[in-house]
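Undergrad: Build me a model:
(one chain, ligands or ions: 1)
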Amino acid sequence: MNGKEAAGKKALEEIQEGMTIGLGTGSTVYFFLKALAEKVAAGFKITGVATSQQTIELAKKWNIPMRALNEVTTIDVTIDGADEVDPDLTGIKGGGGALLYEKMVAKVSTRRVWIVDSSKKVEQLGAFPLPVEVIPFGWKHVEAALSEKGYLPKLRRDSEGHPYVTDAHHYILDLHLHSIADPVLLAIELDHLTGVVEHGLFIGITEKVLVGYPDGHVETM
Ligand code: 5RP
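TA: Numbers count the residues shown, from 1 in each chain. The predicted model follows:
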């Protein structure tokens, strides 16, 4: 067992029969989905709402009943991963490119729980490049505005060198900030930049973080 698997399995304790569950994205969520699928196969009834095409495909493969976000009015709990988490439970998300749908699903959820391995715990955010989702139209001007602020943006590319395209058909500029002294101020600034659709700073969005360690134990933050 590794830290991701330990955290993913532990998150099953957050789930009760009949719930509508937001299903995050990534390699830690993979372990949660796998464990959830085993319960579903044994007759446990839940409904999932996916945050990405990648998660839809896994859910389909494992027969997890799904609804689109527009087909539900509320989500009881969302289980998602994160790229960095600080002691205030502020995080960076979007390493897997799903930040927009992840934030939309999180915002309509009653509870939000993140599952991470211990490498994701940091004192200060920013070593992980901050993803900023932008409209493809005129993206170079948004990049220039971010460069002028000293935020060192880099267009995310796929394995063939083409711009990486999100499920919502946008591009991602990763900001190589190294450290973020004031996440709230930065979030406000990015929220007001024309051409930016969303950013990967998740502030005041999660109530609980399950941190898995290589020996299999799980800490709750
Ligand atoms: C995807 C995300 C993921 O939750 C984040 O990148 C963590 O992924 P992993 O569990 O694979 O480390 O935000 O957009």
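Undergrad: Under the pLDDT cut-off, which ranges of the protein? List them.
TA: 1 (pLDDT under 70).
Undergrad: Looking at the chain, which strand is longest?
TA: In the chain, assigned by DSSP state E, the strand with the most residues is strand 109-117.
Undergrad: What are the buried residues along that one?
TA: Buried residues in strand 109-117, counted by 16 or more other C-beta atoms under 10 Å: 109, 112-117. C-beta coordinates here come from the backbone N, C-alpha and C atoms, glycine included.
Undergrad: And stretch 146-155, by the same measure?
TA: For stretch 146-155, the buried set under the neighbour-count rule, 16+ other C-beta under 10 Å, comprises 146, 151, 153.
Undergrad: Quick check: residue 216 vs residue 39, distance?
TA: Using C-beta to C-beta, to the nearest Å, residue 216 is found at 20 Å from residue 39.
Undergrad: before we move on, the earlier item: for the longest strand of the chain, packing partners?
TA: Applying 3 or more C-beta pairs under 8 Å, 6 or more residues apart in numbering; DSSP states H and E, we find strand 109-117 packed against helix 3-10, helix 27-41, strand 75-80, strand 208-212.
Undergrad: So residue 89: helix, strand or coil?
TA: Secondary structure for residue 89, judged by DSSP: H, G, I helix; E, B strand; the rest coil, is coil.
Undergrad: tell me the phi and psi of it?
TA: Per-residue torsions, residue 89: phi 60, psi 30 (degrees, to the nearest 10).
Undergrad: Hmm, it is touching residue 207, no?
TA: Yes. Counting by C-beta atoms under 8 Å, residue 89 touches residue 207, with 7.5 Å between them.
Undergrad: returning to what we had before: make TSV out of the helices and strands packed on strand 109-117 and add distance to residue 121.
TA: Formatted as TSV, the helices and strands packed on strand 109-117 follow (distance: least, C-beta to C-beta, whole Å):
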stretch	distance to residue 121
helix 3-10	10
helix 27-41	13
strand 75-80	16
strand 208-212	6
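Undergrad: Out of these, the one nearest residue 18 is which?
TA: In terms of C-beta to C-beta, the element of these nearest to residue 18 is strand 75-80, at 8.6 Å.
Undergrad: so what's the spatially most central residue of the chain up against?
TA: In the chain, the C-alpha nearest the mean C-alpha coordinate belongs to residue 93, at 4.6 Å (C-alpha atoms, centre = their mean). Taking C-beta atoms under 8 Å, 6 or more residues apart in numbering, we find residue 93 in contact with 80-83, 99, 102-103, 131, 200, 202.
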